[in-house]
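Chemist: Could you look at this predicted model? Sequence included:
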Amino acid sequence: MEVSAWTRVAWVVMVVVVVIPRAEATPRPLNIGGIFPIGGSDGWQGGQACQPAAMLAMEDVNQRPDLLPGYELNLAWNDSLCEPGLGAAVMYDLLYNPPTKLMLLGGCSTVCTTIGEAAKMWNLVVLSYGSSSPALSDRQRFPTFFRTHPSATVHNPTRIRVMQKYNWSRVAIIQQAEEVFISTVEDLEVRCKDAGIEIVTRQSFLTDPTDAVRNLKRQDARIIVGLFYVSAARRVLCEIYKNKLYGKSYVWFFIGWYEDNWFENHLVEENLNCTREEMKQAAEGHLTTEALMWNKDNEKTISGMTAGDFRLRLNQALIDRGYENQSTPVGYQEAPLAYDAIWSVALALNKTMEVLAAVNRSIEEFTYTNEEIARELYKAMNATQFLGVSGRVAFSTDGDRIAWTQVEQMIDGRYHKLGYYHVQTDNLTWFNREQWIGSKVPQDRTIVRRQLRTVSLALFISMCTISTIGAVWALFLLGFTFAHRHRRLIQLSHPACNNITLVGIVLCLGSIFLLGLDGQFVSQQQFPTVCGLRAWCLTLGFTLAYGAMFSKIWRVHRLTTKTKMENKRVEPWKLYVMVGSFVVVDVIVLSVWQAVDPLQRRLEVFPLEKPKDAVEDIKIKPELEHCESKHNTIWLGLLYGYKGLLLIFGLFLAYETRSIKLKQINDSRLVGMSIYNVVVLCLITAPVTLVISTQQDASFAFVSLAIIFCCFLSMALVFVPKIVEIVRHPGERVEATGDTAPSKEEEERYHKLLHENEEMQRLIAEKEEKIRLLKLKLQERTVLRNREQQQQQQQQQQLASENHVAGVDYSTHHMRLRQGGRPAVRIVTPDASSGGDHASVPRISFDISESYL
Ligand code: ABU
């Protein structure tokens with residue numbers, strides 16, 4: 001009995017001391033839901049490392065007696081594949097299946113955007129360990145959203161700081177068309193603008209980046225920020241390789257949260273057309289920016305571990321899950337964020353429990369319609385602060401994590417840390433480990449060197465030399481004409497006009513010098529003056545030279561076409577007036593042109609050219625100076641039209657008078673030939689120079705040679721025969737009186753003779769016409785008479801036959817008719833005694849018998 005009584009007591013004591021307290025200590029579950037992207041093919045599959053990290057945190061949290069006392073945190077989770085639709089389905093599954101979830105954990109921006117926006121309907125706080133989308137910072141849209149993952153906007157100040165460090169002020173952006181990247185780029189654009197950095201182009205693609213990368217090349221982008229998920233990054237990298245957008249001239253900024261060897265993984269599965277070696281080559285030298293996700297100080301964190309300790313535990317957990325022989329799983333970088341997210345949840349729940357306990361309430365009362373407890377949970381999460389394995393965890397008013405960022409560079413296929421940046425303090429810690437191909441920091445653009453296309457010096461000197469010789473020769477001819485001005489040969493060639501031609505030639509040849517005066521000799525300010533001088537010099541030179549020849553040929557034409565004697569005199573003043581009129585028209589047009597719309601320097605810019613021997617990344621931008629007014633076409637049309645008419649009319653006159661030789665203008669045929677030459681060359685040169693105006697040497701050479709040819713040939717045609725003649729007969733002076741023209745009497749006698757000659761010719765023509773008419777009439781008469789004779793003969797024969805019967809004779813009558821047959825026309829040669837001036841002209845007289853007619 002005693003034994004059994006003692007046994008019973010012992011059992012009671014055991015139950016009271018051991019079993020009852022144990023039963024009371026059994027923790028009650030606090031349930032949260034988790035969504036992890038793991039098995040998808042696109043987007044961010046960071047759940048692969050984040051889910052094991054979260055489970056490690058669950059263990060640690062649940063082992064902490066001071067945290068959630070009496071409760072155990074439970075995580076119910078599922079895979080979203082980083083697909084928003086599936087993410088939403090997983091969320092509904094978690095929420096509509098008991099037990100009630102107090103909070104939701106999420107990763108991957110696209111999924112969190114969906115669940116973050118919907119969670120408010122269930123009064124649920126969502127905490128994301130893997131969403132970087134800046135759009136999620138919108139408190140209106142996502143009022144209960146928090147994240148341990150920093151917003152992608154934290155990269156932007158870092159990128160800008162690095163760009164400023166290397167003086168890059170021209171960048172391009174290429175992005176995948178996802179909200180996370182669109183909102184990041186929007187933020188980057190604003191920051192670039194504030195920093196004075198030009199965004200040369202922004203390319204976007206949905207799945208295939210081929211065109212977007214090609215466009216970057218077209219835009220000569222050198223510093224390029226690329227924002228995309230890792231699988232899209234591989235497609236872009238392959239295109240980078242194909243388009244040769246890598247190497248010493250390019251710097252790519254990629255996102256830093258890809259796995260270390262992301263560029264050589266999954267190439268076959270993703271059907272990429274690039275080999276690992278090619279991908280490695282294209283990836284070499286790129287920079288990455290990333291928020292610091294691992295605590296960089298070796299200090300103990302809230303869990304009692306350092307970041308290093310956590311890494312060891314995580315690695316072991318991953319090995320346990322079979323990742324041992326694979327490369328680092330996706331999300332390895334973010335794993336501390338997932339670990340700290342669980343701690344944040346635990347701390348927030350703990351705080352809420354304390355707050356609720358103070359008012360005798362329990363967190364277990366939470367339902368999806370309980371706004372009061374939801375508010376407490378929100379407040380607790382908002383106030384959560386601790387030192388985690390990812391660094392100091394705290395949330396801004398937008399629910400964002402505040403963090404350092406790090407910059408890395410891929411050198412020899414491995415990432416090397418270049419430095420850290422803290423945006424709040426603008427603290428850049430830089431290790432100077434960056435390496436650039438060719439040891440030269442790439443430029444943000446092709447260096448464009450402006451190069452003025454100028455006339456080749458050798459060509460300019462050659463043309464100037466020839467034109468100088470021509471001008472000297474023209475001056476010599478002026479002297480020659482003056483020295484031999486008393487010679488009849490010179491006098492009868494209208495020397496004044498020849499002198500004007502020579503002055504015009506000197507001006508035209510001088511304009512060659514002005515045409516070659518370009519930017520290598522004159523400044524931009526002086527150039528318009530040179531333009532004006534060119535126009536004046538060439539226009540007046542042409543008008544004087546050609547106008548003088550034209551006036552001569554015009555006079556020749558007048559002299560040979562007018563019948564009145566008075567008009568056939570060569571009056572020098574008329575030629576001067578004609579040349580003077582041409583000059584006046586020129587002066588008016590040129591003055592109005594200069595006053596209203598003066599010639600200015602216009603730069604024609606040509607496409608960029610690659611220099612032959614450039615080592616640097618340089619392109620040449622050729623420029624060519626032109627003289628142009630605003631309404632250049634109108635002015636040129638006016639001058640060309642007026643001069644063109646003169647040229648064509650001159651050509652016509654020269655042709656009309658080609659065989660005329662006048663004593664008064666003895667060189668008219670040579671002048672005509674000279675006009676042919678000028679006209680043909682001008683009609684060829686003007687349009688050709690318009691076409692080749694972009695080739696300064698060809699254009700200058702063509703115009704110069706045309707001018708030189710015209711001038712030299714004109715001088716040769718008009719003056720060389722005179723020189724030859726004078727050299728042949730040096731002492732011969734045809735006219736030494738100093739008269740410049742034949743005497744008046746001589747001219748009158750000459751004109752009288754001409755007049756008489758014309759009268760004679762007219763009379764001869766009249767007489768010949770009369771002779772022709774008379775011959776015709778004679779033929780008719782002859783025919784008539786023959787017919788009459790035949791009739792008479794017939795009648796006679798008839799009569800004879802009748803007379804033979806009656807005996808009558810008609811022979812007397814027949815004789816009388818024949819008496820009228822004397823000659824009808826006589827040509828009378830006048831003898832000297834008949835007097836008058838028609839001694840040499842035969843006279844024709846008509847003596848026609850009346851009886852004969
Ligand atoms: N660090 C991973 C971010 C993924 C995302 O924002 O979707």
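Modeler: Alright, I've got the coordinates. Numbers count the residues shown, from 1 in each chain.
Chemist: Wait, residue 310 touches residue 340, no?
Modeler: No - shown here, residue 310 and residue 340 do not form a contact pair, counting by CB atoms under 8 Å, at 9.7 Å. Where you see a C-beta, it was placed from the backbone N, CA and C, and this is true even at glycine.
Chemist: Between those two, which has more neighbouring residues?
Modeler: For residue 310 versus residue 340, neighbours defined as other CB atoms under 10 Å are more numerous around residue 340 (34 against 25).
Chemist: sec struct for the more buried one, please.
Modeler: Following DSSP: H, G, I helix; E, B strand; the rest coil, residue 340 is assigned to helix.
Chemist: and what of residue 449?
Modeler: Put simply, residue 449 is strand when judged by three-state DSSP.
Chemist: average pLDDT for the helix or strand harbouring residue 757?
Modeler: Assessed by DSSP states H and E, residue 757 sits inside helix 744-806. The average pLDDT within helix 744-806 is 83.
Chemist: ditto for stretch 364-371
Modeler: Rounded mean pLDDT across stretch 364-371 is 94.
Chemist: now that stretch, how far from the centre of its chain.
Modeler: 66 Å (CA atoms, centre = their mean, to the nearest Å).
Chemist: Give me the below-cutoff pLDDT ranges for this structure.
Modeler: Within the chain, the stretches with pLDDT under 70 are 1-25, 325-326, 397-402, 562-571, 614-616, 661-666, 731-748, 802-853.
Chemist: Show me which residues of it sit near the ligand.
Modeler: Counting by CB under 6 Å from any ligand atom, the chain comes close to the ligand at 44, 46, 108-109, 130-133, 149, 180, 257, 334.
Chemist: Put the buried members of those residues into a ChimeraX selection.
Modeler: Selection of buried members from these for ChimeraX, criterion 16 or more other CB atoms under 10 Å:
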select :44,46,108,109,130,131,132,133,149,180,257,334
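Chemist: Take the residues of the chain next to the ligand and keep only those in strands.
Modeler: Among these, the ones falling in strands (DSSP state E) are residue 130.
Chemist: Check which helix or strand the residue positioned nearest the centre of the chain maps to.
Modeler: Against the mean C-alpha coordinate of the chain, by CA atoms, centre = their mean, the closest residue is residue 607 at 7.1 Å. Residue 607 is part of no helix or strand, with elements assigned from DSSP H and E.
Chemist: what are the phi and psi angles of it?
Modeler: phi -60, psi 150 (degrees, to the nearest 10).
Chemist: tell me the contacts of it?
Modeler: Contact partners of residue 607, counting by CB atoms under 8 Å, 6 or more residues apart in numbering, are absent.
Chemist: and the gap between it and residue 445?
Modeler: Distance from residue 607 to residue 445, counting by CB to CB, to the nearest Å: 16 Å.
Chemist: And for residue 332?
Modeler: Counting by CB to CB - residue 332 and residue 445 are separated by 37 Å.
Chemist: Please say which of the two ends up with more neighbours.
Modeler: residue 332 (25 against 18).
Chemist: For that one, what is the enclosing helix or strand?
Modeler: Secondary structure from DSSP H and E places residue 332 outside every helix and strand.
Chemist: neighbours of the closest residue to it other than its chain neighbours, just the number please.
Modeler: Excluding its sequence neighbours, the residue lying closest to residue 332 (CB to CB, 6 or more residues apart in numbering) is residue 49, at 4.3 Å. Using other CB under 10 Å, the number of residues around residue 49 comes to 29.
Chemist: Looks like residue 49 contacts residue 317 (just checking).
Modeler: No - Residue 49 lies out of contact with residue 317 (CB under 8 Å); the separation is 9.0 Å.
Chemist: so where do the helices sit in the stretch 1-150 of the chain?
Modeler: For the stretch 1-150 of the chain, the helices defined by DSSP state H, counting those that start in this stretch occupy 2-14, 20-25, 47-63, 84-96, 109-118.
Chemist: List the buried residues for the third one?
Modeler: Burial within helix 47-63, assessed by neighbour count using 16+ other CB under 10 Å, is assigned to 47-58, 60-62.
Chemist: re the thing from before, what is in contact with residue 310 and residue 340 at once?
Modeler: With CB under 8 Å, 6+ apart as the test, residue 310 and residue 340 both reach residue 389.
Chemist: mind listing what the residue in the stretch 451-600 of the chain positioned nearest to the ligand touches?
Modeler: Nearest residue of the stretch 451-600 of the chain to the ligand (CB to the nearest ligand atom) works out as residue 451 at 48.4 Å. By CB under 8 Å, 6+ apart, residue 451 lies in contact with 620-623.
Chemist: who touches stretch 37-50?
Modeler: Here stretch 37-50 makes contact (CB under 8 Å, 6+ apart) with 36, 51, 79-83, 87, 107-111, 129-130, 229-232, 257, 269, 314, 318, 323, 328-332, 334-335, 337-338.
Chemist: Please save the CA atoms from whichever strand or helix holds residue 277 in PDB.
Modeler: Here residue 277 is covered by helix 276-283, with elements defined by DSSP H and E. What follows is helix 276-283 as a C-alpha-only set of coordinates in PDB (Å, rounded to 0.1, in the frame of the first residue of the first chain):
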ATOM      1  CA  ARG A 276      31.100  31.000 -73.500                       C
ATOM      2  CA  GLU A 277      34.300  32.500 -74.700                       C
ATOM      3  CA  GLU A 278      32.500  35.200 -76.800                       C
ATOM      4  CA  MET A 279      30.300  36.000 -73.800                       C
ATOM      5  CA  LYS A 280      33.300  36.300 -71.600                       C
ATOM      6  CA  GLN A 281      35.000  38.600 -74.100                       C
ATOM      7  CA  ALA A 282      31.900  40.900 -74.300                       C
ATOM      8  CA  ALA A 283      31.500  41.000 -70.500                       C
END
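Chemist: Next secondary structure element downstream of the top strand by length along the chain?
Modeler: Ranked by number of residues, the top strand in the chain under DSSP E is strand 618-628. Downstream of strand 618-628, the first helix or strand assigned by DSSP H and E is helix 632-656.
Chemist: which strands and helices sit next to that following helix?
Modeler: helix 527-561, helix 572-596, helix 668-691 (3 or more CB pairs under 8 Å, 6 or more residues apart in numbering; DSSP states H and E).
Chemist: tell me the contacts of residue 673?
Modeler: Residues in contact with residue 673 (CB under 8 Å, 6+ apart) are 654, 717.
Chemist: quick one: it from residue 553, how far?
Modeler: Residue 673 is 10 Å from residue 553, by CB to CB.
Chemist: Can you check which residues contact both of those two?
Modeler: The contact sets of residue 673 and residue 553 overlap at residue 654 (CB under 8 Å, 6+ apart).
Chemist: and of the buried residues of helix 47-63, the nearest to the ligand?
Modeler: The closest of those to the ligand turns out to be residue 50 (CB to the nearest ligand atom; 9.3 Å).
Chemist: Spatially nearest residue to the closest one (excluding sequence neighbours)?
Modeler: Among residues not flanking residue 50 along the chain, residue 338 sits closest, at 3.6 Å (CB to CB, 6+ apart).
Chemist: go on, residue 206?
Modeler: residue 177 (4.9 Å).
Chemist: my guess is that neighbour contacts residue 203, does it?
Modeler: No - using CB under 8 Å, residue 177 makes no contact with residue 203, being 10.4 Å away.
Chemist: Just want to know which of the two has more residues nearby.
Modeler: Higher neighbour count among residue 177 and residue 203: residue 203, with 20 against 13, using other CB under 10 Å.
Chemist: bridging residues for the more buried one?
Modeler: Residue 203 forms beta bridges with residue 174, as assigned by DSSP bridges.
Chemist: Let me know which of the helices and strands packed on helix 632-656 is tucked in deepest.
Modeler: Among the helices and strands packed on helix 632-656, helix 527-561 has the highest mean neighbour count (mean count of other CB atoms under 10 Å), at a mean of 22.
Chemist: Nearest to the ligand within the stretch 151-300 of the chain, name that residue for me.
Modeler: Taking CB to the nearest ligand atom, the ligand has its nearest neighbour within the stretch 151-300 of the chain at residue 257, 3.8 Å off.
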